[in-house]
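Visitor: need the 3D shape of this:
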Amino acid sequence: MAERSERGGGRTLLQMVKDRVTKQGLYDSPAYWDMKAEAYEGLARSNWPSNTFNRHWDARQMFILDRAVGDVRGLDVVDVACGTGRASMHLARRGARVTGLDFAPRTLEVARAEAQQAGLSIDYRVYDALTPPPSELVGRFDLCITISCLAMACSEPDAFERALEHVVSLVRPGGRLFFLEPIHRSRLLRRILRMGVRDWIGRCERQGLTLVDRGRMGFVPARFLLAFREWPEGCVRPLFRGGEWLLDKAPSLDPLSDYKWLLFRVGHAGG
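Guide: Reported below is the predicted structural model:
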């Protein structure tokens, strides 16, 4: 099993390359993520093939999430496109009441099993962000997060606006939305949605959201080098941390960040 984990569940390099060339119709398909949940082990089920790299990637994402949203104890939080539940479980451990939504049913089975094993109570439900949410979830949450959701699920800006409207509707007035997404216009780095950060922010603001904070993560050269095969920890750690340090210190390197994070507040009723 350890060998399966290190090598991405036995999938060949050619298969992984084809995954990344065939973006639309793959990343936006429940069957693709259900396949990953079954074929891979550990964090590779919802991240990159290298679990050594994934440990640093996940820690960096959770650090950014914590720093951006602060104390979540007692908050109602919804994790849209929760996947195998790594962010949902992280927030539940920090004291939030978490609902995890995803469109891939097998992936949710994995999330439920992991939450149960960890002794965490998380309400996981099948839901596709391109459809209106169930009425009982509308306006229920203090905080909504998406990690790798809208940039993967939306084929064009109009679809993004529809999905954004659905996501916004989950949050009560005065609540917050946190996006951690691969936002790009370039063919090389974008997943499915071709839309830049400025346009993303502008469309959010037209939905009544106010930008509170923003940042970046995932130094692209380090990710290309480290994410697709297992390198020794002694190589991965300094190269990954060095890339993230560069992104933190030099905002001008924003085009070389794979992911952008945006924190918004939902306007108060009547205001």
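Visitor: hmm, who's touching the one helix or strand V78 maps to?
Guide: V78 is part of strand 76-80 when elements are defined by DSSP states H and E. The set of residues external to strand 76-80 that reach it, using Cβ atoms under 8 Å, 6 or more residues apart in numbering, is 85, 87-88, 91, 96-101, 127, 129, 137, 140-147, 149, 167, 170-171. Where C-beta positions appear, they are placed from N, C-alpha and C, glycine not excepted.
Visitor: quick one: buried ones out of these?
Guide: 85, 87-88, 91, 96-101, 127, 129, 137, 140-147, 149, 167, 170-171 (16 or more other Cβ atoms under 10 Å).
Visitor: check which element follows the strand holding V78 along the chain.
Guide: Heading C-terminal from strand 76-80, the first helix or strand you meet, by DSSP H and E, is helix 86-93.
Visitor: for the helix or strand just after that next one, what is the average pLDDT?
Guide: Proceeding C-terminally, helix 86-93 gives way to strand 97-102 as the next helix or strand, assigned by DSSP H and E. Mean pLDDT, strand 97-102: 98.
Visitor: now the angle from the helix or strand following strand 97-102 to helix 86-93?
Guide: Using DSSP H and E, the helix or strand that follows strand 97-102 towards the C-terminus is helix 105-118. Relative orientation of helix 105-118 and helix 86-93, computed by axes from the mean of the first three to the mean of the last three Cα atoms, to 10 degrees: 30 degrees.
Visitor: neighbouring contacts of helix 105-118?
Guide: Among residues not part of helix 105-118, those counted as contacts by Cβ under 8 Å, 6+ apart are 30, 33-34, 36-38, 45-46, 82-85, 88-89, 92-93, 100, 102, 121-122, 124-126.
Visitor: and the buried ones among the residues you listed, selectable in PyMOL?
Guide: Listed next is the PyMOL selection for buried residues among the contacts of helix 105-118, using 16+ other Cβ under 10 Å:
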select buried, resi 30+33+34+36+37+45+46+82+83+84+85+88+89+92+100+102+122+124
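Visitor: strands along the stretch 101-250 of the chain, start to end?
Guide: Applying DSSP state E, counting those that start in this stretch to the stretch 101-250 of the chain gives strands spanning 123-126, 141-147, 171-181, 209-219.
Visitor: of all those strands, which lies closest to P255?
Guide: If you check each of those against P255 by Cβ to Cβ, strand 209-219 wins as the nearest, at 9.5 Å.
Visitor: for the closest one, buried residues please.
Guide: Here strand 209-219 shows L209, R214, G215, R216, M217, G218, F219 as buried, counting by 16+ other Cβ under 10 Å.
Visitor: if I look at the third one, how far off is E38?
Guide: So the one you mean is G215. From G215 across to E38, the span is 34 Å (Cβ to Cβ, to the nearest Å).
Visitor: show me the contacts for the closest residue to D102 other than its chain neighbours.
Guide: In space, D102 comes closest to C82 once its chain neighbours are excluded; the distance is 5.0 Å by Cβ to Cβ, 6 or more residues apart in numbering. Residues near C82 by Cβ under 8 Å, 6+ apart: S88, G100, L101, D102, L108, A111, Y124.
Visitor: wait, which of these is closest to L246?
Guide: Within the contacts of C82, proximity to L246 (Cβ to Cβ) peaks at S88, which comes in at 30.1 Å.
Visitor: now do the nearest residue to the closest one once chain neighbours are set aside against A222, distance only.
Guide: Ranked by Cβ to Cβ, 6+ apart and with sequence neighbours excluded, the top spatial neighbour of S88 is G100, at 4.1 Å. Noted for G100: a distance of 29 Å to A222, by Cβ to Cβ.
Visitor: likewise S186?
Guide: Counting by Cβ to Cβ, the gap between S186 and A222 amounts to 18 Å.
Visitor: okay, those two: which has more neighbours?
Guide: Counted by other Cβ atoms under 10 Å, S186 and A222 do not tie: A222 has more neighbours, with 23 against 9.
Visitor: quick one on the thing from earlier: tell me the bridge partners for the residue nearest to S88.
Guide: Taking DSSP bridges as the rule, G100 bridges to D79, Y124.
Visitor: report how many residues lie close to the closest residue to V138 other than its chain neighbours.
Guide: If the residues on either side of it in the chain are set aside, V138 comes closest to S169, at 5.1 Å by Cβ to Cβ, 6+ apart. Applying other Cβ under 10 Å, we find 17 other residues in the vicinity of S169.
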